[in-house]
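Predicted model follows, preceded by the sequence.
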Amino acid sequence: MNMYNNQDLIVALDIGTTKVVAAAGIMNEIGLIEILGYGKVKSDGVKRGVVANIDKTAKAISDAIDMAEKRAKHEFQSVYVGIAGQHIKSVHHMGQKLRDSPEKEISRDEIELLINDMYKLALAPGDKIIHVVPQEYRIDGEEGILEPIGMCGSKLEGNFHVITGKVSAANNILRCIKKAGLEAKEMVLEPIGSASAVLSEEELKGGVVMVDIGGGTSDVTIFHEGIIRHTAVIPLGGNIITEDIKEGCSVMTEQAEKLKVKFGRALAEEIVDNRIITIPGLKGRPPREISELNLARIIQARMEEILDYVIWEIRRSGYETKLLAGMVLTGGGALLKDIVSLVEYHTGLSTRIGTPNEHLAHHRDGELKSPIYATSIGILRYALSQQQKNEWKKELVTTEATNENGESNEENRENNKPLGKIVNRGFKLIKEFFEASPDSEL
């Protein structure tokens, strides 16, 4: 018999280029995540973070969910799914509102109206706004205001970080989930999920750049003062390193992947004993010998190219001198040996590997503490946090709607609801994004 409430169970789904991960869990009484079941399978239908084959991706989702259901001994109906890929873009935009009553305090409703106005921006055909993240506000020319609620003024301005994505990419994810017999409860931008799993409050406030090195892409996200300041997607990841090894060493793709994982190093200078790796030949052909030093040089060259893109994004963001916490690496690419040394040498930033174990309750399977699971566990933690906040809000609305005689007043309850749907600095996708009609091209 299950020892938990079904409504408390959350299922997170990470659809990546190389893998599909499903993780189901609940939040315990001390705020840690209890993983009840998880599954990881190979992904064949996704390229560079975007669904390229509906049937193959739906099959992978179904297989991962089956594995998680068997471990959890529970059937799932809905999931929180991550969205990422090269189609994700971001821009900064200023919004303003002239107030009719300058002497009145600025309310939360006014802030939400200003945020909602950002969703009316003109975009390229096929694009849709995913997140609107407030950066700072300005009241009557006074800059640097993070919490304007309760202040007074005649002109309210806001600087917003607007994240956009392709409607078709989101719709394809929804189709895959539906074909797997599930319902997508909400979509979460994957860098937000990963950050929730691997970054500390001190890092978020002090300034940090998180680089999630996946199979097809690498996500760059910059935080400062606890707010997302910059997001970018680099169209290079672990798969391109495998391709380089395949071409440079004249081996098969499967052999190149094994070479990368078992013998690969990100910094050639760290190799002291230059071992020779022997690869079996095909169909009776003689074996091929590969120098460990040459293998490391191939990996280092591509990693330095990825890091050059990261440095360019950092400079473009304007937060180059404000990253007190340096860099945090996560994702499967963060498992490369000597990668921390290479990043620190190449960027000059203090670097660590981000793992999701800080937010996990004691779990017998240490595999979950790998950076590979950072996104899925991060989405899970984000969803559990949102669930908890929603419960608190319901309790607050119920309390406020109760009159002096203890009778519930439905009219007051409705009046106390916020006008907008964005309640956590724009971190939640609006419902319309997920229900958008498919592109006519599909």
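Thanks, I have the structure now.

Which parts of the stretch 151-300 of the chain are helices?
In the stretch 151-300 of the chain, the helices defined using DSSP state H, counting those that start in this stretch lie at 167-179, 190-198, 201-206, 238-249, 253-263, 292-317.

Can you spell out which helices and strands pack onto the first one?
Spelled out, that is helix 167-179. Under the contact criterion of 3 or more CB pairs under 8 Å, 6 or more residues apart in numbering; DSSP states H and E, helix 167-179 touches strand 10-15, strand 50-51, helix 54-72, strand 78-83, strand 127-139, strand 183-189, helix 431-434. Placement of C-beta: from N, CA and C, glycine included.

Which one, of these, ends up nearest to residue 366?
Closest to residue 366 of those is helix 54-72 (CB to CB; 15.2 Å).

C-alpha coordinates for the closest one, PDB please?
C-alpha atoms of helix 54-72 as PDB (Å, rounded to 0.1, in the frame of the first residue of the first chain):
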ATOM      1  CA  ILE A  54       7.400  11.700 -32.700                       C
ATOM      2  CA  ASP A  55       7.100   7.900 -32.600                       C
ATOM      3  CA  LYS A  56      10.600   7.200 -31.300                       C
ATOM      4  CA  THR A  57      10.400   9.900 -28.700                       C
ATOM      5  CA  ALA A  58       6.900   8.700 -27.500                       C
ATOM      6  CA  LYS A  59       8.300   5.200 -27.200                       C
ATOM      7  CA  ALA A  60      11.300   6.400 -25.100                       C
ATOM      8  CA  ILE A  61       9.000   8.400 -22.900                       C
ATOM      9  CA  SER A  62       6.700   5.400 -22.400                       C
ATOM     10  CA  ASP A  63       9.700   3.100 -21.600                       C
ATOM     11  CA  ALA A  64      11.200   5.600 -19.000                       C
ATOM     12  CA  ILE A  65       7.700   6.000 -17.400                       C
ATOM     13  CA  ASP A  66       7.300   2.200 -17.200                       C
ATOM     14  CA  MET A  67      10.600   1.900 -15.400                       C
ATOM     15  CA  ALA A  68       9.700   4.700 -13.000                       C
ATOM     16  CA  GLU A  69       6.200   3.200 -12.400                       C
ATOM     17  CA  LYS A  70       7.600  -0.300 -11.600                       C
ATOM     18  CA  ARG A  71      10.000   1.200  -9.000                       C
ATOM     19  CA  ALA A  72       7.300   3.500  -7.500                       C
END
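
most neighbours per residue, which of the helices of the stretch 151-300 of the chain?
Burial of the helices of the stretch 151-300 of the chain is given as mean neighbour count (mean count of other CB atoms under 10 Å); helix 190-198 ranks first at a mean of 27.

tilt between it and strand 127-139?
Relative orientation of helix 190-198 with respect to strand 127-139: 60 degrees, computed using axes from the mean of the first three to the mean of the last three CA atoms, to 10 degrees.

Now do helix 190-198, average pLDDT.
Helix 190-198 shows a mean pLDDT of 91.

From the rest of the structure, what touches that helix?
By CB atoms under 8 Å, 6 or more residues apart in numbering, the list of residues contacting helix 190-198 from outside reads 12, 14, 82-84, 131, 204, 210, 212, 219, 221, 223, 228, 231, 328, 330-331, 354-356, 358-359, 371, 374-379, 381-382, 385, 427.

before we move on, what about stretch 149-159?
Under CB under 8 Å, 6+ apart, the answer for stretch 149-159 is 92-99, 102-108, 110-111, 114-115, 134-142, 145, 148.

Narrow these to those in helices?
Here DSSP state H is the test, and the contacts of stretch 149-159 give 108, 110-111, 114-115 as lying in helices.

Give the buried subset of those as a ChimeraX selection command.
Selecting only the buried entries of the ones in helices among the contacts of stretch 149-159 in ChimeraX, with 16 or more other CB atoms under 10 Å as the criterion:
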select :110,111,114,115
